[in-house]
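A.B. asks: give me coordinates for this.
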Amino acid sequence: MCFRTFVRNPANFVIEGRGWRCQSRGVIEQFLDWMAVNQTWIKWLGVGSAVMFVLSIMIVPILVVKMQPDYFLEGRNEDLSLKARHPVIRMVGKILKNFMGGLLVVAGILLSVPLIPGQGLLTILIGLAVMDFPGKRRLELWLVKRKPVTWAIQKLRARAHHPPLILPDE
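C.D. replies: As a prediction, the model looks like this:
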């Protein structure tokens, strides 16, 4: 740590006895100074974090309830998906889905920075769920088959008077 500080600013060092002694300030003081300089940026991150938190609380239950009961089964009816659309619409839809998912992942990473309040991990997971990538179905099934997740999903669906999700037995 002191060597990097010396390379950047040799004035922070003095000769003491046999070697150099680091006079650089502590990490906490540097961080507090950075926060004082970047108050506007921190306020906007806080507002974004609060908005993402509220949106995730509102949107995730709606998506879980609206999901078709056979969503996780192989060979399900996919008439409403992009696969049944015109190739141009399908391509534009995939590009927009992946772009929005990527933005959510980036926002989640930013919200995961220490000392910035927010739902960073949840935002990353929502972004990954929106995107199309190899292994996505396997990841979704692995997550949904966790007992607490399955219990929460089925409880939300029952409360909304929707049939439970049908999961493969694999």
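
A.B. asks: which residues touch stretch 133-145?
C.D. replies: Contact with stretch 133-145 is made by Phe72, Leu125, Leu128, Ala129, Val149, Thr150, Ile153, Leu165, Leu167, Pro168, Glu170, as judged by C-beta atoms under 8 Å, 6 or more residues apart in numbering. (C-beta placed from N, C-alpha, C; glycine too.)

A.B. asks: from the residues you listed, which ones fall inside helices?
C.D. replies: Leu125, Leu128, Ala129, Val149, Thr150, Ile153 (DSSP state H).

A.B. asks: which one of those is nearest to Met67?
C.D. replies: Ile153 (8.5 Å; C-beta to C-beta).

A.B. asks: low-confidence stretches in the protein?
C.D. replies: Low-confidence segments of the chain (pLDDT under 70): 1-25, 76-82, 115-122, 170.

A.B. asks: by residue count, tell me the biggest helix in it.
C.D. replies: helix 39-66.

A.B. asks: how about that helix: buried residues?
C.D. replies: Residues Leu45, Gly48, Ser49, Met52, Phe53, Ser56, Pro61, Val64 are the ones in helix 39-66 that count as buried (16 or more other C-beta atoms under 10 Å).

A.B. asks: cool, thanks, talk later.
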